[in-house]
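Participant: Prediction below, plus the sequence it came from.
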Amino acid sequence: MNPHQVLGFDRRTFLVASTVGIAGQTFGGSEQTAAAAESASGRSAAKSTILFFLCGGASHLDMWDLKPDAPLEYRGPFQPIATSAPGVQLSEHLPLLAKQAHHLALINSVGATVNTNDHHAGYYHNLTGHVPDLTFATQGNNRTPYPDDWPYMGCVVAAKRPQRTGMPNAVTLPWKPSQAPYTRPGQFAARLGVKYDPLYVYGRRDKPTQFRAPDLVLSADVPAARFGVRQNLLSGFDAARRDLDQYAAVETWNSQQQRAMSLLTSGATTTAFDLSREKPETIARYGNNINGMSLLAARRLVEAGVPFVTVFWSEEDEFVAKKCLSGGGWDTHGNNFGCLKEDLLPAFDLAFSALIEDLADRQMLDETLLMVTSEMGRRPKIGDPRSGGVTGAGRDHWTHCLTDVLAGGGIKGGQTYGASDRYGEYPATHPVAPADVTKTVYHAMGIDDLEVYDNQGRPYNLLDEGKAIVELF
């Protein structure tokens, strides 16, 4: 049975299975601390990573890699603008981020060796660094997460960093893409075991400053008034254990029970998600919406010491979905330019520029790696048959080329690495793959040992492919 299907059980089972997990494999070598881990050059490792994933497939051509000299049917109406970094240009609809470009490294040559041209494969490739296997080509978006998938890079970091008392090592917010049964592969610990899965925290569009972590909610038969009573908690855990015995190795229970207790009783856990502690002007700077507040919560989480925080752009926007013929995010099959100019880019520009500015002001940017990616770019030639062709002004899926953006965490800002061809269709110079970008994240975090042992005690490497793009540091 897929270990992630336990999320369909009752709330008590959900608490234990999703938050703390109960099975997995063993890492070779010792766990690394952020303070001790260093690269071969002696650079101190980043303490945390915030990955901002633009769900749907963000158009590289209309954000980062504009082609003003290409024919009109490729370039579209947007113009590039100068930024705070000489030689680095961004879309005219990213004016706030343009002021922060001296912190940015744009990787404009991320390609895909295998192209299934759908979301599931795009998620998996860019989140794990591994080329999607044949099942992605044969099943498409019906390909559910498998227990023997390769793990998400955030889960690898979570497994390599020592567990802090009371705080998880990986947190994902404000949702889990996508709606069941179409849950996207690549965002879980998979073969590492659910004990390294992220803690999922959920946000609400109508109350964007409020987050809830159902993973940390006790069953209804344990009232809040009795929350701190260890005996009552343990009785709840014991009941959950009986539910999970058929899926879990009993010998791992005690350590995971203790981890759950730490999460449930930690004041740091609840404080990290309490945005009421933030000034109104800070909330306004990020944008008082679910995506902006998720980035603000991410900043609070890295302040609390969480090594890896993932923010998946919330797609559940019915207005954008109808306007763009999409799922409500960056999947702009129709009206690509109107949706970007009027809805997506202003919100992204406000929130991500605020995060960079905020971390820099707090002197946290050097120790926090920021990454922006998506499951794919958009087709350079304008016109998607699903939206009426050229007149629909949409861009279709395009997994052959996209731009990844890095900042902080030892990255040298104000640079562009690699280039796509004149139409933005394929990498042209310094081509890299998602494996190289994933290895770059590991390098920034000081993680070099990727050896693990399977359940039979046999060693293997979590990511043989790729190498870190050390020129970025």
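Facilitator: Done, it's in.
Participant: contacting residues for the residue lying closest to L275 once chain neighbours are set aside?
Facilitator: Counting by C-beta to C-beta, 6 or more residues apart in numbering, L275 lies nearest to T209, which is 4.3 Å off, once chain neighbours are set aside. Every residue, glycine included, has its C-beta placed from N, CA and C. Listed by C-beta atoms under 8 Å, 6 or more residues apart in numbering, the contact partners of T209 are 275-276, 283, 288, 293.
Participant: out of the residues you listed, which are buried?
Facilitator: Among the contacts of T209, the ones that count as buried by 16 or more other C-beta atoms under 10 Å are 275, 283, 293.
Participant: Which of the residues you listed scores worst on pLDDT?
Facilitator: Taken together, the buried ones among the contacts of T209 show their lowest pLDDT at L275, with 91.
Participant: unless I'm mixing things up, that one is touching S294, no?
Facilitator: No. Checked against C-beta atoms under 8 Å, the pair L275 and S294 is beyond contact range at 10.1 Å.
Participant: Spit out the residues that contact those two alike.
Facilitator: With C-beta under 8 Å, 6+ apart as the test, L275 and S294 reach no residue in common.
Participant: Nearest to the spatial middle of this structure, which residue is it?
Facilitator: Centrality entry for the chain: nearest residue to the mean C-alpha point is T310, 3.8 Å, by C-alpha atoms, centre = their mean.
Participant: secondary structure class for the closest residue to it other than its chain neighbours?
Facilitator: Residue nearest to T310 in three dimensions, not counting chain neighbours: T172, with 4.4 Å by C-beta to C-beta, 6+ apart. What DSSP: H, G, I helix; E, B strand; the rest coil gives for T172 is strand.
Participant: Look up how far I290 lies from T172.
Facilitator: Look at T172 and I290: by C-beta to C-beta, to the nearest Å, they are 14 Å apart.
Participant: And for K322?
Facilitator: 18 Å.
Participant: then the host helix or strand of V302 to PDB, C-alphas only?
Facilitator: Using DSSP states H and E, the element containing V302 is helix 290-303. The C-alpha coordinates for helix 290-303 follow below in PDB (Å, rounded to 0.1, in the frame of the first residue of the first chain):
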ATOM      1  CA  ILE A 290      -2.500  33.300   1.100                       C
ATOM      2  CA  ASN A 291       0.700  33.300  -1.000                       C
ATOM      3  CA  GLY A 292       2.200  36.400   0.600                       C
ATOM      4  CA  MET A 293       1.400  35.200   4.100                       C
ATOM      5  CA  SER A 294       2.900  31.800   3.300                       C
ATOM      6  CA  LEU A 295       6.200  33.400   2.500                       C
ATOM      7  CA  LEU A 296       6.000  35.400   5.700                       C
ATOM      8  CA  ALA A 297       5.300  32.200   7.700                       C
ATOM      9  CA  ALA A 298       8.300  30.700   5.900                       C
ATOM     10  CA  ARG A 299      10.500  33.500   7.200                       C
ATOM     11  CA  ARG A 300       9.200  32.800  10.700                       C
ATOM     12  CA  LEU A 301       9.900  29.100  10.300                       C
ATOM     13  CA  VAL A 302      13.500  29.600   9.300                       C
ATOM     14  CA  GLU A 303      13.900  32.000  12.200                       C
END
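Participant: Which residues does it contact?
Facilitator: With C-beta under 8 Å, 6+ apart as the contact definition, helix 290-303 has outside contacts at 47-48, 50, 52, 171, 173-174, 201, 203-205, 208-209, 211, 272-273, 275, 278, 282-283, 286-287, 309, 311, 313-314, 347-348, 350-352, 354-355, 358-359, 362, 364, 368.
Participant: Tell me the buried residues in that helix?
Facilitator: 290-302.
Participant: now stretch 54-73
Facilitator: By neighbour count on 16+ other C-beta under 10 Å, the buried set for stretch 54-73 is 54-67, 70.
Participant: again with stretch 192-199
Facilitator: Under the neighbour-count criterion of 16+ other C-beta under 10 Å, stretch 192-199 has 192-199 buried.
Participant: Then stretch 83-101?
Facilitator: Using 16+ other C-beta under 10 Å as the test for burial, stretch 83-101 gives 83, 85, 88-94, 96-98, 100-101.
Participant: Could you pick out which of these are located in strands?
Facilitator: The members of the buried residues of stretch 83-101 that map onto strands under DSSP state E are 89-91.
Participant: Distance to Q415 and pLDDT added to those, as a markdown table?
Facilitator: A markdown table is the format used below for those (distance: C-beta to C-beta, whole Å; pLDDT from 0 to 100):
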| residue | distance to Q415 | pLDDT |
| --- | --- | --- |
| Q89 | 12 | 97 |
| L90 | 13 | 98 |
| S91 | 18 | 98 |
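Participant: where are the low-confidence patches of the stretch 101-250 of the chain?
Facilitator: Residues of the stretch 101-250 of the chain meeting the criterion pLDDT under 70: 113-115, 165, 214-250.
Participant: can you do 80?
Facilitator: 112-115, 163-166, 213-250 (pLDDT under 80).
Participant: Isn't R75 up against L66?
Facilitator: Yes. Look at R75 against L66 with C-beta under 8 Å: they come within range, at 7.1 Å.
Participant: can you list residues touching both of these two?
Facilitator: With contacts taken as C-beta under 8 Å, 6+ apart, R75 and L66 have no neighbour in common.
Participant: And the strands in the stretch 51-200 of the chain?
Facilitator: Assigned by DSSP state E, counting those that start in this stretch, the strands in the stretch 51-200 of the chain fall at 80-82, 89-91, 104-111, 170-173, 199-200.
Participant: Just tell me which of these ends up closest to E318.
Facilitator: With C-beta to C-beta as the measure, strand 170-173 is the member of those nearest E318 (20.4 Å).
Participant: Please state the offset of that closest one from the chain centre?
Facilitator: 8 Å (C-alpha atoms, centre = their mean, to the nearest Å).
Participant: can you check stretch 303-311 too?
Facilitator: Taking C-alpha atoms, centre = their mean, the mean C-alpha location of stretch 303-311 is offset from the chain mean by 11 Å.
Participant: what does stretch 400-417 give?
Facilitator: Distance, centroid of stretch 400-417 to centroid of chain: 16 Å (C-alpha atoms, centre = their mean).
Participant: again, but for stretch 86-94
Facilitator: Distance, centroid of stretch 86-94 to centroid of chain: 24 Å (C-alpha atoms, centre = their mean).
Participant: go on, stretch 408-418?
Facilitator: How far stretch 408-418 lies from its chain's middle: 19 Å, per C-alpha atoms, centre = their mean.
Participant: just the CA coordinates of it, formatted as CSV?
Facilitator: The C-alpha coordinates for stretch 408-418 follow below in CSV (Å, rounded to 0.1, in the frame of the first residue of the first chain):
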residue,chain,number,x,y,z
GLY,A,408,21.1,34.0,-0.5
GLY,A,409,22.7,31.0,1.1
GLY,A,410,26.1,31.8,-0.3
ILE,A,411,24.9,32.4,-3.8
LYS,A,412,26.6,35.3,-5.6
GLY,A,413,23.8,37.6,-6.6
GLY,A,414,23.4,39.8,-9.7
GLN,A,415,24.2,37.1,-12.3
THR,A,416,22.7,35.1,-15.0
TYR,A,417,24.0,31.5,-15.6
GLY,A,418,23.4,29.9,-19.0
